[in-house]
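A.B. asks: Starting from these lines, generate the structure:
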Amino acid sequence: MTVRVGILGATGAVGQRFIQLLDDHPTFDLAAVTASEASAGKTYREAAKWRVDTPIPDDVAEMEVVETDPKAVPDDVDLLFSSLPSDVAAAVEPPFLEAGYVVSSNSSNDRMAEDVPLTIPEINPDHLGLIDVQRDERGWDGALVKNPNCSTITMVPTLAALDRFGLDRAHIATLQAVSGAGYSGVTSMEIIDNAIPHIGGEEEKMETESRKLLGSFDGAEVTLHGVDVAASCNRIPTLDGHLENVFAELAEDPSPEAVREAMRDQPAADLPSSPDQLIKVFDDSEPDRPQPRLDRTYADGMGIVAGGVRTTTKGVKYNCLAHNTIRGAAGASILNGELLAEEGWI
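C.D. replies: Residues are numbered from 1 along each chain as shown. Now for the predicted structure:
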């Protein structure tokens, strides 16, 4: 089955990563790229200042950019990926949903809305059932699905693995790459020879989104997980790859090896972009891993890497890492799109 897809906000940093990841995709055929009114009518090559480390696919380079408006997108597009800034997406996504489009969105708006699935396919695929609730409540034929924040998606698969030991509390300190702020988000004068111990809104996203992702769906609503999450978010001068230090308090007292095995056993999804092993775990012989430069491209950037597992008086501590613009952004939305297709929502 071939699914025709489009990208809303295709010229930005995440939009470019969408284009890279969709090139030669086994299911998705890119049929539309949208951007601002100023870019509409240009070829993609003319409209986008390409910054990804692979060339623009030839067919996309000559594709005409259209305005981000339902009337401008072809009717036969089955699925839209949204990489719009959240304030723009909040205004732009609803008209597409009312027009009947299914939208898999990386934008942060509506992630915590009660009727919007916030989904990691390997963790909570059943939450897509909220689409029926959403359609009933909002009266549209389309569907809106969100993926979580790039820092949230790094730790949640590891926390899901630990939940078998009774996950009570999780404290996280992040070391986040500059690409998470977009190309012009952090200037070189701010970040070179420096670390910035604050990222606006990031801590709240990690603390709330993780509880929704780990929560239970009863067919009508999601009950948030009871874990108490506290995050401290820091920007450091790496290009890609968010590294996180996690301190988890558990009801049980598992050994480090039991924790490592639980993470390794966390199931993958039977989808084209899901890795065969979701979480790669380093043992005690490599206590200095994972590292962003060495490990961010595990499973083509779609996997999670963990290491440094040690016990504490109340649980365990460890480090985890993911590629923030692949697994944490465009790749996460594409994976959600694959789940939507697999389960017949499009």
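A.B. asks: Could I get the phi/psi values of Leu79?
C.D. replies: Per-residue torsions, Leu79: phi -150, psi 140 (degrees, to the nearest 10).
A.B. asks: Please name the bridge partners of it.
C.D. replies: Val5, Val102 (DSSP bridges).
A.B. asks: That one is in contact with Ile346, isn't it?
C.D. replies: Yes. Leu79 lies in contact with Ile346 (Cβ atoms under 8 Å); the separation is 5.2 Å. All C-beta spots, glycine's among them, are computed from the backbone N, C-alpha and C.
A.B. asks: higher neighbour count, the two?
C.D. replies: Leu79 (26 against 18; other Cβ atoms under 10 Å).
A.B. asks: Need the per-residue pLDDT for the more buried one.
C.D. replies: We have a pLDDT of 98 for Leu79.
A.B. asks: quick one: Val227 from Ala160, how far?
C.D. replies: Val227 is 11 Å from Ala160, where distance means Cβ to Cβ, to the nearest Å.
A.B. asks: Now the common contact residues for these two.
C.D. replies: Leu214 (Cβ atoms under 8 Å, 6 or more residues apart in numbering).
A.B. asks: Can you give the domain ranges for this structure?
C.D. replies: 3-149+329-342, 150-323 (automatic domain parsing).
A.B. asks: sorry, back to before: please enumerate the shared neighbours of Leu79 and Ile346.
C.D. replies: Shared contacts of Leu79 and Ile346, defined by Cβ under 8 Å, 6+ apart, comprise Val3, Val102, Gly337, Leu340.
A.B. asks: Val227 and Ala160: who's more crowded?
C.D. replies: Comparing Val227 with Ala160 by neighbour count (other Cβ under 10 Å), the higher total belongs to Ala160, at 24 against 20.
A.B. asks: Three-state assignment for the more buried one, please.
C.D. replies: helix (DSSP: H, G, I helix; E, B strand; the rest coil).
A.B. asks: for it, what are its contacts?
C.D. replies: The contact partners of Ala160, taken as Cβ under 8 Å, 6+ apart, are Ile123, Leu213, Leu214, Gln266.
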